[in-house]
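Peer 1: let's see this in three dimensions:
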Amino acid sequence: MRKFLDGLKNFLERLDHLRDELLFLFIKPYWPRKITPNQITWVRVAIGLLLFVLLFFFGIENKALIISLFVVGVLTDLFDGSVARGLNKVTEFGAMLDSTADRILILPIAIYSLMESNKWLLFVLLLTEVVNALTSIFYKS
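Peer 2: Next comes the predicted model:
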């Protein structure tokens, strides 16, 4: 089992590297230098917060709108790290912001999807996120 997991990890790392190399072909020569990787990540944070507001405060259930916002958020996740590596602008703050933005994007969808049908799974998910955040804070300090 360990050998399979190591092989899978190596495959995914090679796939990630290949994605970066393909994106670098466009990022390095054409990327607007005024747009930083962290700005892209902040867009994902804003989309996650907007999803939360739309779903829980306004009760908007327009699936096309929600899915479109989520897809744009996922695309920002695809680009921010590649842009940072391609422009040699990788920072510790950017890495921390990226993982936080991922959670902010996914949690409203997860909470909305699980709140009615599977409260225990939602509880476990939220508990896992809290433990993960505390562990990360402890590790950073």
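Peer 1: spit out the contact partners of L105.
Peer 2: L105 sits next to 44-45, 47-48, 51, 70, 73-74, 77 when contact means Cβ atoms under 8 Å, 6 or more residues apart in numbering. (Each C-beta comes from the backbone N, C-alpha and C, glycine too.)
Peer 1: gap between the residue lying closest to R33 once chain neighbours are set aside and N118?
Peer 2: Distances taken as Cβ to Cβ, 6 or more residues apart in numbering put L87 closest to R33, at 7.7 Å, once the chain neighbours are dropped. For L87, the distance to N118 equals 42 Å [Cβ to Cβ, to the nearest Å].
Peer 1: with F79 instead?
Peer 2: To N118, F79 is 32 Å away according to Cβ to Cβ.
Peer 1: could you do F58 as well?
Peer 2: 24 Å.
Peer 1: looking at the two, which one has more neighbours?
Peer 2: Neighbours per residue (other Cβ atoms under 10 Å) separate F58 from N118, with N118 holding more: 12 against 8.
Peer 1: just read off the phi/psi values of that one.
Peer 2: With angles defined as degrees, to the nearest 10, N118 shows backbone torsions of phi -150, psi 70.
Peer 1: SS state for the residue nearest to the spatial centre of the chain?
Peer 2: Geometric centre of the chain, nearest residue: D102, 2.8 Å, by Cα atoms, centre = their mean. Put simply, D102 is helix when judged by DSSP: H, G, I helix; E, B strand; the rest coil.
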